[in-house]
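In: based on what follows, work out the 3D shape:
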Amino acid sequence: MSTRPPAGLLVAALRSGSGKTTVTLGLLRALARRGVAVAGAKCGPDYIDPAFHAAATGRPSLNLDSWAMTPGLMAELATRTGAGAEIVVAEGLMGLFDGVPAAPGRSGASADVARALGLPLVLVLDVAGQSQSAAAIAAGVRAYAPDLTLAGVILNRVGSERHRRLASEAIAGLGLDVLGAIPRTADVVLPERHLGLVQAAETSGLDAILDRMADLVEAHVALDRLVAAARPLAPLSDAAPIGAIAPPGGRIAVARDAAFTFLYPHLAEGWRAAGAELVFFSPLADEAPAGDADVCWLPGGYPELHAGRLAAASRFHDGLRRFAEAKPVHGECGGYMVLGRSLTDADGVVHPMVDLLSVATSFAKRKMNLGYREVELLADGVLGPRGRRLAGHEFHYATVLDLGDDAPFAAVADAYGSPPAPTGSRRGHVSGSFFHVVAARD
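Out: Purely as a prediction, here's the structure:
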């Protein structure tokens, strides 16, 4: 492929809660307001942040995951999301070096993404409660990973001009560029709930919040120096990237509304690039999947917040049952729960679901399930033939009250060496599981 890679950089921190999201969104919106063609990307499997990037820039954003994806697939996706853009700003996850046990470069850490794509780092340091000690942290990052380019540092939660000067001068003494110093503020907080941030489409006044973030970044960050620090992404090889998921059909009916939102952008775009057509419908509006579609896909989301409306959506139930008589239907996480027999909400109210699978789930007793999943399919289906290996991710708080008597959909293990265990359900043309597929295993 001869596509010229765009320039890029990675906004990173050493722990969650340091201000990566505020800096990234403020930077994206500030550059877009200046007329810079800028695109976002998210390191790791987080489903929610790419939609905020897209809202900030007006351009699609997607995930770059060094555990689930090969370096070649990450490079292809980064170039795809940066097509027509001058710069791609990738947002890190957790701490810069935080990942899972894996082969070098495949731990899922943001540092692996930076290495694979040649991205310089902009390190966000929360300096609340410290001053010159911030220099020791920056020096530690440089010494711990000398192969990474540390383009500069942005100080966050600065308490005063003296505080800024002490920390900045100590870091500058190391020969590192201090690109900005953002004061403490409570004016740019995004609302959260049990799976993280409230989704972009549901965040009231999101444009105003993004503009306040951009105002903050423009006032306290040297944007021109930061953009100048970006470097071209690693060039694509001529070989086709390994790990792309083939479309499950030529015409795919996809549930999309406030209850069904967690479809990875790279999957949807990859399916379109392979020639598939996505036809959206809304279960919350009591719509059924298009009858001329080849397959129906129910993504994850927040069905527990809309269980009453979903239970009452008779046209959706009847239409999906008719569709499933002859064609494949697959549900991920929230979609899996809706395909089941019942869903118990947080108040203990039991809502009947579509009953195409025998699983019964509940939010009355919440338990967090989080992590990467090594997947092996146990039967031929929409994700491939029996025995196919996939990389997935699971993040939900639902519990299974009764799995029922359906056959398991796949065998899964975590990234820490757990023995494979059966998961999900399949019956006839219908399948579902709690894991979200990210890529095919190389």
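In: what's the burial count for E161?
Out: 10 (other CB atoms under 10 Å). (Glycine included, C-beta is placed from N, CA and C.)
In: can you tell me how far it sits from G19?
Out: 19 Å (CB to CB, to the nearest Å).
In: same question, D406
Out: 45 Å.
In: got it, and I137?
Out: With CB to CB as the criterion, I137 and G19 are 14 Å apart.
In: please apply the same query to V178.
Out: Noted for V178: a distance of 15 Å to G19, by CB to CB.
In: got it, and L123?
Out: On the measure of CB to CB, L123 and G19 end up 11 Å apart.
In: ranges for the strands of the stretch 1-150 of the chain?
Out: Applying DSSP state E, counting those that start in this stretch to the stretch 1-150 of the chain gives strands spanning 7-12, 38-43, 62-64, 87-91, 121-126, 150-158.
In: okay if I get these as TSV plus mean pLDDT and distance to G335?
Out: Listed next are the strands of the stretch 1-150 of the chain as TSV, based on pLDDT from 0 to 100; distance: least, CB to CB, whole Å:
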stretch	mean pLDDT	distance to G335
strand 7-12	97	32
strand 38-43	97	21
strand 62-64	96	19
strand 87-91	97	26
strand 121-126	97	35
strand 150-158	97	37
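In: any idea which of these gets closest to L339?
Out: strand 62-64 (24.6 Å; CB to CB).
In: pLDDT weak spots in the protein?
Out: Across the chain, the ranges flagged by pLDDT under 70 are 1-4, 186-204, 237-242.
In: returning to what we had before: dump the strands of the stretch 1-150 of the chain to TSV, plus mean neighbour count and distance to D286.
Out: Shown next, in TSV, are the strands of the stretch 1-150 of the chain (neighbours: other CB atoms under 10 Å; distance: least, CB to CB, whole Å):
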stretch	mean neighbour count	distance to D286
strand 7-12	26	42
strand 38-43	28	33
strand 62-64	27	31
strand 87-91	27	36
strand 121-126	26	45
strand 150-158	23	46
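In: closest one to G291 among those strands?
Out: Closest approach to G291 among those (CB to CB): strand 62-64, 30.5 Å.
In: what strands flank that closest one, and is each parallel or antiparallel?
Out: According to DSSP bridges, strand 62-64 forms sheet pairs with strand 38-43 (parallel).
In: and the angle from the strand it pairs with to strand 87-91?
Out: Angle, strand 38-43 to strand 87-91, by axes from the mean of the first three to the mean of the last three CA atoms, to 10 degrees: 30 degrees.
In: F323: neighbour count?
Out: 22.
In: can you name the element that comes right after the host helix or strand of it?
Out: According to DSSP states H and E, F323 maps onto helix 314-324. Next helix or strand after helix 314-324 toward the C-terminus (DSSP H and E): strand 329-332.
In: strand partners (parallel or antiparallel) of that next one?
Out: With DSSP bridges as the test, strand 329-332 is paired with strand 295-298 (parallel), strand 430-433 (parallel).
In: can you list the residues that contact that strand?
Out: Strand 329-332 is contacted by residues 248, 262, 295-300, 320, 323, 337-339, 356-357, 381-383, 429-437 when judged by CB atoms under 8 Å, 6 or more residues apart in numbering.
In: which strands or helices does the helix or strand just after that strand pack on?
Out: Next helix or strand after strand 329-332 toward the C-terminus (DSSP H and E): helix 334-339. Helix 334-339 sits against strand 295-298, strand 329-332, strand 430-433, with contacts defined as 3 or more CB pairs under 8 Å, 6 or more residues apart in numbering; DSSP states H and E.
In: of the ones you listed, which is nearest F52?
Out: strand 329-332 (21.0 Å).
In: can you dump the C-alpha coordinates of that closest one into PDB?
Out: Output in PDB follows, covering the C-alpha atoms of strand 329-332 (Å, rounded to 0.1, in the frame of the first residue of the first chain):
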ATOM      1  CA  VAL A 329     -28.100 -13.600  14.900                       C
ATOM      2  CA  HIS A 330     -25.200 -12.800  17.200                       C
ATOM      3  CA  GLY A 331     -25.100 -10.800  20.400                       C
ATOM      4  CA  GLU A 332     -22.100  -9.300  22.300                       C
END
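In: please state the offset of it from the chain centre?
Out: 19 Å (CA atoms, centre = their mean, to the nearest Å).
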